[in-house]
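# Pasting the sequence and the predicted coordinates here, then a few questions.
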Amino acid sequence: MNILEILKDDYQRFPVNQTYHIYGANVYFKDPVNEFRGIKRYQEMIQFMATWFKQIKMDLHDIYQKQNIIYTEWTLHWTTPLPWQPRIAIPGRSELTLDDNNLIISHVDYWHCSGWDVIKQHFALNRK
């Protein structure tokens, strides 16, 4: 199975049973709220999400590779464990850089909304 197929499978079952061996030991990760290095920290971040948030779903809209960079477009959904259980959606994209061994050494996420937009979703008055 090639790395694009592995990533498609990982997105489909996110955050459960992720394939961590495709990442370098000192992988760099950055998104609008986190920035760190290391596969252990990456695993801890995903475990935090799996523990804290409910009904997590990652919709993969597109995935392709140009040279040593994999590009993805996605929407991350979850239910926040507040009494009114708001359903949150974060549209975004990722750039994953591969080294010569085809390991991901950099994973940078960009959100197509602001952090404030995400916070506001928790308190939207027109919830369903």
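That came through fine.
# Show me the shaky parts of this protein.
Residues of the chain meeting the criterion pLDDT under 70: 125-128.
# In a helix, residue 43, correct?
Yes. Applying DSSP: H, G, I helix; E, B strand; the rest coil, one finds residue 43 inside a helix.
# How about the contacts made by it?
Residues near residue 43 by C-beta atoms under 8 Å, 6 or more residues apart in numbering: 18, 20. Yep, even glycine has a C-beta here, placed from its N, CA and C like the rest.
# make it 7 Å
residue 20 (C-beta atoms under 7 Å, 6 or more residues apart in numbering).
# Then residue 55?
Contacts here follow C-beta under 7 Å, 6+ apart; on that basis residue 55 touches 78-79.
# In which helix or strand does it reside?
In this structure, residue 55 sits in strand 54-66 according to DSSP states H and E.
# where do the helices sit along this structure?
Using DSSP state H, the helices found in the chain span residues 3-13, 39-52, 115-121.
# can you redo the ones you listed as a markdown table with distance to residue 72?
Output for those, formatted as a markdown table (distance: least, C-beta to C-beta, whole Å):
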| stretch | distance to residue 72 |
| --- | --- |
| helix 3-13 | 7 |
| helix 39-52 | 16 |
| helix 115-121 | 19 |
